[in-house]
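> Give me a 3D structure for the following:
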Amino acid sequence: MFKKIRDLIRGEEKGEVRQEMVDLDEVSELLDRWTTEITVEREERTTDDRQVIRGAVEALASQVRMLAPAEPDDEVHPKLAQVTRVSLPAFQKAMEAALAHDLESRDPALFYTEAAELLKCAIRAQQGQGRYLRAVLPDEMDGIKASIAEVGRGINRMTAVFAEVNPRCDLIDQARGTYRRLVSTEKSAEALKTLAAEERMRGEDLRRLLAAAEEEQRTLEQSSPYQEYRAQADRLAREEQALDAARTQERAVATTAGHLFRRAGKVPGLVQARRDLFKAAEERLNDLCLGDPAVLSAIREATSLVREGGLSLKNREERALFSGEGEAERILAEAEAQVRETTAVVSATESAIAASAAGTRHQDLQKQVKHQEKQALAAEQSAADEENRAKAAAAEAAAARETLITQLTAIRGRPVHLNR
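So this is what the prediction gives:
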């Protein structure tokens, strides 16, 4: 029976080494079956030894119960009798504790553990208090020793069985872990491949949308409405430059006049009202209010001071501004009017551009192209990342497959081919 089971587990056939075909989907069931078969083998191969051990333990229990203090006689020294009366109860108590281990389990491993612990405790009691009893109870102690030895021999035979069988159980456990890792990594690889394909398809869809948007953009750029829009945009750029120049000129003449007003307010002998006028005009110029009445009044007062010699013109900008009667008013008015006119021109062109359907569509297409290009690149990168992870998972699965084949070969004792 044992030989038949060993041949079933190891797959050994005399004079022939053949390759065994195993389907991956059946591995888990096979491992469970082999585990069951090994369990049966272990139980059957240890049945006799367990029965022997139980019988030896029953004999040992009977021998311990029948121990009685030796009666003093001429052959037993009184001191030995006294030692017996002291040691015997301690020995019986220790042996009873050892015999309390449960040997009723059908599981050989649990039985083995309990029996080994019983043996260890019994030997300890025999070598402890038991050694004092040999002089006065030699026959009884020899019987106890023989029973303990019988337990030990049974345990040794079980140890030999476990030493042969347990490594195969360990191999099966390892193979089961490898099988689970293989299945898991294969599923992971497939899932990653699917995800990579989906991302790759999404990237292709985005590229198609991007190409369509770019084609629409190129067609739009050839149309008359868009050409008109571009002309308006170019004109707006020039008009904005003109507006910037007008604002610069406005700020320059306001700054020049403001500096002169600041100096005019410090001319000695001025009444406070004239000083306040120059200060107010300088503040209005800082706000670019060039046509403010306070500014116009300050220009006339400053011109009068220049003409009277109370205020000098220090640079060409001031001389250009205050060189003649009414010149400053004219220059400031022109600067302010230029800003106002160029601002109106820019606003009109901006309104025309905003109303251009071609221009609006072109701007939308530009945003769409940029967004779809970004999304397509992200999808392509995601697909590449998932493909790399799928390759890594596939490599891990391949390594697990080779490991599983090696483990199954060791379990079966012959080459194993793993299908799928």
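> CA only for contacts and neighbour counts going forward, please
Noted.
> Do a quick rundown of the helices in the stretch 151-300 of the chain.
224-264, 272-286, 293-308 (DSSP state H, counting those that start in this stretch).
> any chance of those helices in JSON lines, with mean neighbour count, distance to Ser62 and mean pLDDT too?
Formatted as JSON lines, the helices of the stretch 151-300 of the chain follow (neighbours: other Cα atoms under 10 Å; distance: least, Cα to Cα, whole Å; pLDDT from 0 to 100):
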{"stretch": "helix 224-264", "mean neighbour count": "18", "distance to Ser62": "114", "mean pLDDT": "91"}
{"stretch": "helix 272-286", "mean neighbour count": "18", "distance to Ser62": "122", "mean pLDDT": "89"}
{"stretch": "helix 293-308", "mean neighbour count": "18", "distance to Ser62": "132", "mean pLDDT": "87"}
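> Quick check: which of those is nearest to Val345?
Among the helices of the stretch 151-300 of the chain, helix 224-264 comes nearest to Val345, with 7.2 Å by Cα to Cα.
> now the closest one against helix 293-308, angle please.
50 degrees (axes from the mean of the first three to the mean of the last three Cα atoms, to 10 degrees).
> Backbone dihedrals for Gln222, both of them.
phi -90, psi -10 (degrees, to the nearest 10).
> Just list the residues touching it, thanks.
Contacts for Gln222 (Cα atoms under 8 Å, 6 or more residues apart in numbering) come out as none.
> Would you mark the buried spots in stretch 108-125?
108-109, 111-112, 114-116, 118-119, 121-125 (16 or more other Cα atoms under 10 Å).
> what residues does that stretch touch?
For stretch 108-125, with Cα under 8 Å, 6+ apart as the criterion, the contacting residues are 42-43, 46, 50, 53, 91, 94-95, 97-105, 148, 151-152, 155, 158.
> where does this structure have low pLDDT?
Where the chain drops to pLDDT under 70, the residues are 1-17, 69-84.
> With distance to Thr185 and secondary structure added, can I get the buried residues of stretch 108-125 in CSV?
Converted to CSV, the buried residues of stretch 108-125 look like this (distance: Cα to Cα, whole Å; DSSP: H, G, I helix; E, B strand; the rest coil):
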residue, distance to Thr185, secondary structure
Pro108, 36, helix
Ala109, 34, helix
Phe111, 39, helix
Tyr112, 39, helix
Glu114, 42, helix
Ala115, 44, helix
Ala116, 43, helix
Leu118, 47, helix
Leu119, 48, helix
Cys121, 50, helix
Ala122, 52, helix
Ile123, 52, helix
Arg124, 53, helix
Ala125, 56, helix
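> Please identify which of those is nearest to Asn315.
Using Cα to Cα, the buried residues of stretch 108-125 come closest to Asn315 at Ala109, 113.0 Å.
> what's the distance between Lys120 and Ile405?
42 Å (Cα to Cα, to the nearest Å).
> returning to that earlier point: between the helices of the stretch 151-300 of the chain, which one is nearest to Leu418?
Distance to Leu418, taken as Cα to Cα, is lowest for helix 224-264 among the helices of the stretch 151-300 of the chain, at 67.8 Å.
> That closest one to helix 272-286, inter-axis angle?
160 degrees.
> quick one, what contacts Ser28?
Arg176, Tyr179.
> Not counting its neighbours along the chain, what's nearest Glu325?
Thr303 (7.6 Å; Cα to Cα, 6 or more residues apart in numbering).
> Could you pull out the buried residues of stretch 154-162?
Going by 16+ other Cα under 10 Å, stretch 154-162 has these buried residues: Gly154, Ile155, Met158, Val161, Phe162.
> Next, format these as TSV and append distance to Met21.
Putting these into TSV (distance: Cα to Cα, whole Å) gives the following:
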residue	distance to Met21
Gly154	39
Ile155	38
Met158	34
Val161	29
Phe162	29
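> Can you name the two of these that sit furthest apart?
Gly154 and Phe162, at 12.5 Å, using Cα to Cα across those.
> Okay, buried residues for the one helix or strand Val40 maps to please.
Element membership for Val40 (DSSP states H and E) is helix 27-65. By neighbour count on 16+ other Cα under 10 Å, the buried set for helix 27-65 is 27, 30-31, 34-35, 37-39, 41-43, 45-46, 49-50, 52-54, 56-57, 59-61, 64.
> Please apply the same query to stretch 190-203.
Result for stretch 190-203 [16+ other Cα under 10 Å]: buried residues Leu192, Lys193, Thr194, Leu195, Ala196, Ala197, Glu199, Arg200, Arg202, Gly203.
> just stretch 133-151 next, same as before
Leu133, Val136, Leu137, Glu140, Met141, Ile144, Lys145, Ser147, Ile148, Ala149, Glu150, Val151.
> what helix or strand does the fourth one sit in?
Glu140 belongs to helix 138-221 when elements are defined using DSSP H and E.
> which other helices and strands contact that helix?
Packing partners of helix 138-221 (3 or more Cα pairs under 8 Å, 6 or more residues apart in numbering; DSSP states H and E): helix 27-65, helix 108-127, helix 357-412.
> could you redo those as TSV and give each row distance to Leu260?
Formatted as TSV, those follow (distance: least, Cα to Cα, whole Å):
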stretch	distance to Leu260
helix 27-65	100
helix 108-127	111
helix 357-412	48
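> Go through those helices and name the closest to Ala211.
For the helices and strands packed on helix 138-221, the distance to Ala211 is smallest for helix 357-412, at 8.5 Å, taking Cα to Cα.
> tell me what the closest one is packed against?
Against helix 357-412 (3+ Cα pairs under 8 Å, 6+ apart) you get helix 2-10, helix 138-221, helix 224-264, strand 416-419.
> Go again with 6 Å.
Counting contacts by 3 or more Cα pairs under 6 Å, 6 or more residues apart in numbering; DSSP states H and E, helix 357-412 packs against helix 2-10, helix 138-221, helix 224-264.
> Now render the ones you listed as a markdown table, adding distance to Ala358.
Formatted as a markdown table, the helices and strands packed on helix 357-412 follow (distance: least, Cα to Cα, whole Å):
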| stretch | distance to Ala358 |
| --- | --- |
| helix 2-10 | 81 |
| helix 138-221 | 7 |
| helix 224-264 | 5 |
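> Ala376 is nearest to which of those?
helix 138-221 (4.8 Å).
> For Asp23, the count of nearby residues, please.
Using other Cα atoms under 10 Å, Asp23 has 12 other residues around it.
> hmm, I was thinking of Pro167
Pro167: 12 neighbours (other Cα under 10 Å).
> cool, and Arg401?
21.
> excluding its backbone neighbours, what's nearest it?
Nearest one to Arg401, counting by Cα to Cα, 6+ apart, is Leu182 at 6.3 Å.
> so the one you found sits right up against Glu396, yeah?
No - judged on Cα atoms under 6 Å, Leu182 makes no contact with Glu396 at a distance of 7.9 Å.
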